[in-house]
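*Asks:* what's the 3D shape of this:
(one chain, ligands or ions: 2)
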Amino acid sequence: MYGQIVRDGLVNVTGIEDLGLTSPVLQRTSDAFFKEISPFLLHFGMFVPTIIGQCTPEQQAKWLPLAMDLKIIGTYAQTELGHGTFIRGLETTATYDASTEQFILKTPKLSSYKWWAGGLGKTANHCIVLAQLYTKGVCHGPHPFIVQIRDTETHMPLPGIKVGEIGPKLGFNTADNGFLGFEDFRIPRENLMMKNAQVTKDGTYVKVARHGKLTYGTMVFVRVMLVSDMAYCLAKAVTIAVRYSAVRRQSQPKPDQPEPQVLDYLTQQHKLFICISTAHAMKLTSTWLWNTFTGVLADMRDGNTDTLPELHALSSCLKAISTSDTSALIEQCRFACGGHGYMYSSNLPALYSFATATRTYEGDYTVLLLQTARFLVKSWEQMDEGKPLTPTLAYLEQSRNGSQVSWDDSPEGIVRGFDAVAAGRIGACVKSIRKHINNGMDYEDAWQMTTVQLVGAAEAHCRAVICRVYRDETARLTAGCSPGVKAVLDQLSTLYLLYWALERTGDLLRFSSLSERDIENLQARYEALLLKIRPNAVGLVDAFDFRDEVLMSTLGSYDGRVYERLMEEALKTPLNREPVSDSFHKYIKPMMQGKL
Ligand SMILES: CCCCC/C=C\C/C=C\C/C=C\CC/C=C/C(=O)SCCNC(=O)CCNC(=O)[C@H](O)C(C)(C)COP(=O)(O)OP(=O)(O)OC[C@H]1O[C@@H](n2cnc3c(N)ncnc32)[C@H](O)[C@@H]1OP(=O)(O)O
Ligand SMILES: Cc1cc2nc3c(=O)[nH]c(=O)nc-3n(C[C@H](O)[C@H](O)[C@H](O)COP(=O)(O)OP(=O)(O)OC[C@H]3O[C@@H](n4cnc5c(N)ncnc54)[C@H](O)[C@@H]3O)c2cc1C
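*Replies:* Ligands and ions are numbered 1, 2, ... in the order given. Below you'll find the predicted structure:
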């Protein structure tokens, strides 16, 4: 199994390399080899980006060619058995020894063991290790080190290294996630990645970066990438589910009528068409976020870190919401396919297990939304002090006078409605925190007592951002399209707004003048729109243009031969190799004969 996985991974990697293509393409083509992920994903997805983001030019000149030519294979080992979210609580230490100009790595106890790094179990021979940096008796917090853990010739773990695979998981089972422990393991001083902080030969710590969290830069990059990844995953899942729903015929709503395609049921359209819209919404939002990210990187290259807090807030909530929505909607695609959606050969289980993992790794959902909430509350307080708001929070101004937004059910009006909900929920959080403080709580406790509302406020902010970006980008990108294409894409973006307006009627009743009659109108418009989209549903998923080799699905293949493919896959299962399993003779027959 593992051997096949590595072989496929290398064919994929070297094949793309020979074609001189870049790693995002690798990510896409790896889907033709793996239903889950490549054992080399962490090498290209985090090890290489960290060398680029955390190393000096001299260090990059040493390590980057080796990594890009696969002369070394790396991963990213930050999380430990005892800590994942709380990076400042990591227990692995790197203590500088000036007499030998080395760092001594230690995992002082079991909970300090690195745990989870993808590819660490059996594939990688190097890794980025986040460790508490000690020099001259002072701890300077978590810093990144590049560490060789295996002999590049024999692949044996180096002396002082304990490494292995963590065992089966819900998914990601082609990633050989591993554990790693250090017993007084020494590395050269130069293996501290020194772009943002340095240690001189005599052990003097020199802070280079203007912002204390640039060490966390790789996580911001991956969070930005994951929003696009989620759009891609969801597009695959809804392609499978819509194509299957066009093939599947079931029940007889009208006597003496043939069984209809299940795609003709309004409830099926309700399950699936939001998935098509959401895939588009996330793809457009991910491109917008990527452009924001590259803009902030450019600012930081000019020494300006002022835009980093907003990027951290955006990448945090968009990663949280895109992964949460995608997990839920891929499961909804699985539900829409009945029993066959539960078959591994449908590929929906693997897509779900990948997406639901992404809701956790690279920053847990709740934790990241609270990071965004921290930025929202600070922005509200700055607005109260008359300071300017960042672009994505301009809508807070409308809430300054506290007047209720009048409901307008045009697409732009609905977008403004979501702005009002976000502004209202953030304001309610600020009010709650201030109430608790007035009642004698300190700020930290007042914050903790408001965290359930803060998570909701961050989600509302994120939803408002997605709605606005999706609407604006659709208008911009369809300006030059044919009327037909423009009409269909407008239908999808309007469906997204109507769907979420109906999901958030409570908030809209609270923070806008939405009435019960307005809700009835929204519901009627939503249902009518589902019927309008139905004729184009298969065309819309075909437009995602997934080859069967990438979709890897018995239910979603282009030719629609679902039952034949299900049976073909069933007959391949090892249990069908022999008509009678030898377990019959060993166990069942003796049991039937009372001999067990
Ligand atoms: C072949 C394909 C190539 C393409 C690649 C595409 C995509 C996929 C590639 C790879 C992915 C595949 C698999 C990935 C496998 C998974 C890997 C991992 O999971 S790596 C480990 C990830 N771990 C985390 O994300 C931990 C989450 N925890 C944190 O981020 C922090 O600990 C947390 C929660 C932010 C709290 O940190 P703390 O030190 O307590 O900070 P405070 O909350 O006190 O905040 C202090 C200030 O710092 C600001 N801050 C915090 N984080 C950041 C940041 N990342 N950037 C900028 N600023 C940050 C925060 O806002 C506070 O600022 P103020 O004081 O409010 O001004
Ligand atoms: C498939 C997979 C692959 C992974 N790959 C890697 C890898 O390659 N490299 C790597 O370093 N790591 C990796 N990870 C680890 C991942 O980054 C962590 O699991 C993730 O950051 C969550 O941290 P945790 O496990 O400590 O969860 P915890 O933070 O312990 O979460 C447990 C609960 O506590 C809650 N919680 C925690 N802190 C707070 C808070 N401040 N306020 C409110 N609630 C809180 C969480 O919301 C959650 O409900 C991987 C994980 C998975 C699942």
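
*Asks:* pLDDT-wise, which helix or strand of this structure ranks last?
*Replies:* Every helix and strand of the chain was ranked by mean pLDDT, DSSP states H and E. The lowest is helix 23-29, at a mean of 60.

*Asks:* what does the model give the residue lying closest to Q132 once chain neighbours are set aside for pLDDT?
*Replies:* Distances taken as Cβ to Cβ, 6 or more residues apart in numbering put T93 closest to Q132, at 5.0 Å, once the chain neighbours are dropped. To be clear about C-beta, it is placed using only N, CA and C from the backbone, and glycine gets the same treatment. pLDDT recorded at T93 is 98.

*Asks:* T93 and I414, how far apart?
*Replies:* Using Cβ to Cβ, to the nearest Å, we find T93 at a distance of 53 Å from I414.

*Asks:* of the two, who's got more company?
*Replies:* More crowded of T93 and I414, by other Cβ atoms under 10 Å: I414, with 23 against 18.

*Asks:* what about the residue nearest to the more buried one when sequence neighbours are not counted, neighbour count?
*Replies:* Closest residue in space to I414, ignoring its immediate chain neighbours: L497 at 4.4 Å, by Cβ to Cβ, 6+ apart. The number of residues packed near L497 is 25, by other Cβ under 10 Å.

*Asks:* how about L497, secondary structure?
*Replies:* The assignment at L497 comes out as helix when based on DSSP: H, G, I helix; E, B strand; the rest coil.

*Asks:* would you mark the buried spots in stretch 87-105?
*Replies:* If you call a residue buried by 16 or more other Cβ atoms under 10 Å, then stretch 87-105 has these buried ones: 87, 90-96, 102-105.

*Asks:* pick out the most distant pair among those residues.
*Replies:* Spanning the widest gap among the buried residues of stretch 87-105 are I87 and Q102, at 24.1 Å by Cβ to Cβ.

*Asks:* nearest to ligand 1, of the buried residues of stretch 87-105?
*Replies:* Of all the buried residues of stretch 87-105, ligand 1 sits closest to I87, with 3.9 Å by Cβ to the nearest ligand atom.

*Asks:* and the closest one, what is it in contact with?
*Replies:* 78, 130, 142, 216 (Cβ atoms under 8 Å, 6 or more residues apart in numbering).

*Asks:* among the residues you listed, name the ones in strands.
*Replies:* 130, 142 (DSSP state E).

*Asks:* so which of the contacts of I87 comes closest to ligand 1?
*Replies:* Y216 (3.3 Å).

*Asks:* that closest one: how many residues sit nearby?
*Replies:* Residues near Y216, counting by other Cβ under 10 Å: 18.

*Asks:* going forward can the numbers begin at 869, since that is how I track them
*Replies:* Happy to do that; since the first residue is 869 now, the last one works out to Y1084.

*Asks:* could you check how far it is from L1176?
*Replies:* Per Cβ to Cβ, Y1084 is found 10 Å from L1176.

*Asks:* I972 in helix, strand or coil?
*Replies:* The three-state assignment at I972 reads strand, by three-state DSSP.

*Asks:* so it sits against F1053, correct?
*Replies:* Yes: counting by Cβ atoms under 8 Å, I972 sits close enough to F1053 to count as a contact (7.1 Å).

*Asks:* tell me which element the residue in the chain that ligand 2 sits nearest to is part of?
*Replies:* Closest residue of the chain to ligand 2, Cβ to the nearest ligand atom: G952 (2.4 Å). Assigned by DSSP states H and E, G952 falls within no helix or strand.

*Asks:* what residues does this structure have near ligand 1?
*Replies:* Contact residues (Cβ under 6 Å from any ligand atom) of the chain with ligand 1: 891-892, 894-895, 909-910, 912-914, 944, 946-947, 952-956, 986, 1081, 1084, 1087-1088, 1090, 1093-1094, 1097, 1176-1177, 1180, 1229-1231, 1235, 1239, 1242.

*Asks:* cutoff 5 Å now
*Replies:* 891, 894-895, 912-913, 946, 953, 955-956, 1081, 1084, 1087-1088, 1090, 1093, 1180, 1229-1231, 1235, 1242 (Cβ under 5 Å from any ligand atom).

*Asks:* neighbours around the residue of the chain closest to ligand 2, how many?
*Replies:* Other residues close to G952 by other Cβ under 10 Å number 18.

*Asks:* circling back: measure the residue nearest to I1282 to V1323 for me?
*Replies:* 23 Å.

*Asks:* and what of T882?
*Replies:* 44 Å.

*Asks:* more neighbours: which of the two?
*Replies:* Using other Cβ under 10 Å, the more surrounded residue of T882 and V1323 is V1323, with 20 against 11.

*Asks:* where does the more buried one sit: helix, strand or coil?
*Replies:* Secondary structure, three-state DSSP: V1323 is helix.

*Asks:* same deal with A962?
*Replies:* strand.

*Asks:* contacting residues around it?
*Replies:* The contact partners of A962, by Cβ under 8 Å, 6+ apart, come to 971-973, 997, 999-1002, 1011, 1013, 1055, 1060.

*Asks:* most neighbours among these, please name it.
*Replies:* Most surrounded of those: other Cβ under 10 Å gives V997, at 30 neighbours.

*Asks:* could you check how far that residue is from W931?
*Replies:* 14 Å.

*Asks:* mind checking which of the residues of the chain next to ligand 1 are buried?
*Replies:* With burial judged by 16+ other Cβ under 10 Å, the buried subset of these is 891, 894-895, 912-913, 946, 955, 1084, 1087-1088, 1090, 1093, 1180, 1229-1231, 1242.
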